[in-house]
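Asker: Sequence first, predicted coordinates after that:
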Amino acid sequence: MFFVLYYNTGMNIVLLEPEIPANTGNIGRTCVATGARLHLIEPLGFMLDEKSIRRAGLDYWPKLDVTCYKNYADFLEKNHPARIFMATTKARRTYADVKYDADDYIMFGKESAGIPEEILVDNESTCVRIPMVEDNRSLNLSNSVAIVLYEALRQQGFPALEQAGELHRLEWKILT
């Protein structure tokens, strides 16, 4: 399969064993919109050619730069020595407490269980969380990806991203 990435911000989103195709489709769409690469670590809870992924990703899916890996070890082998942030509700610091570089990886675990604690304890210094009220299990996976990815891109000045829009039929009256 051939994919075309129109813009590349250098950021990498990693999904470890994602289970819900609509989440992965939405995340793929976010990656295309931000010029991020998507990395999928098997096993996946769905087939990549399922309608639900294409429906969630709309017509963006063919533009996605996506790579699949047999397992976590395969991912590490092919992306060493990348800096990988682990997004988890179990982290001691927030996603906004760190400085992201353009070629960083941000990993998210599967919807039902997150990233295994065995992986987290080996990567304690790069574990980050999204603040939430107490006794809340987690946010939706695609929302979590968008929150952390946009913070990383904000820190870098939104490289290669269009930052101003135009009306279709009318013109703005006041310049800011």
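Answerer: Sure, I can see it.

Asker: Pass me the low-pLDDT residue ranges in the protein, would you?
Answerer: For the chain, the stretches flagged by pLDDT under 70 are 1-7, 50, 52-58, 176.

Asker: how about the helices in it?
Answerer: 21-34, 51-57, 72-79, 117-122, 141-155 (DSSP state H).

Asker: the strands in the protein, which residues?
Answerer: According to DSSP state E, the chain carries its strands in the segments 12-16, 37-41, 66-69, 84-87, 105-108, 127-128.

Asker: which helices and strands does the third one pack with?
Answerer: Secondary structure elements in contact with strand 66-69, counted by 3 or more C-beta pairs under 8 Å, 6 or more residues apart in numbering; DSSP states H and E, are strand 37-41. Just so you know, the C-beta spots here come from the backbone N, C-alpha and C atoms, and that holds for glycine as well.

Asker: Quick one: work out the angle between the strand it packs on and helix 141-155.
Answerer: Strand 37-41 runs at 140 degrees relative to helix 141-155, counting by axes from the mean of the first three to the mean of the last three C-alpha atoms, to 10 degrees.

Asker: So residue 35 versus residue 141, what's the distance?
Answerer: 20 Å (C-beta to C-beta, to the nearest Å).

Asker: Which one of the two is surrounded by more residues?
Answerer: Neighbours were tallied for residue 35 and for residue 141 using other C-beta atoms under 10 Å; the higher tally belongs to residue 141 (23 against 19).

Asker: Run a quick neighbour tally on the residue nearest to the more buried one when sequence neighbours are not counted.
Answerer: Spatial nearest neighbour of residue 141, excluding adjacent residues (C-beta to C-beta, 6 or more residues apart in numbering): residue 23 at 4.5 Å. Residue 23 is flanked by 25 other residues according to other C-beta under 10 Å.

Asker: quick one: terminal-to-terminal distance for stretch 84-104?
Answerer: 6 Å (C-alpha to C-alpha, to the nearest Å).

Asker: Could you pull out the buried residues of it?
Answerer: Buried residues in stretch 84-104, defined by neighbour count with 16 or more other C-beta atoms under 10 Å: 84-88, 91, 95, 98, 100, 104.

Asker: returning to that earlier point: need the winner for burial among the helices of the chain.
Answerer: helix 21-34 (a mean of 23; mean count of other C-beta atoms under 10 Å).
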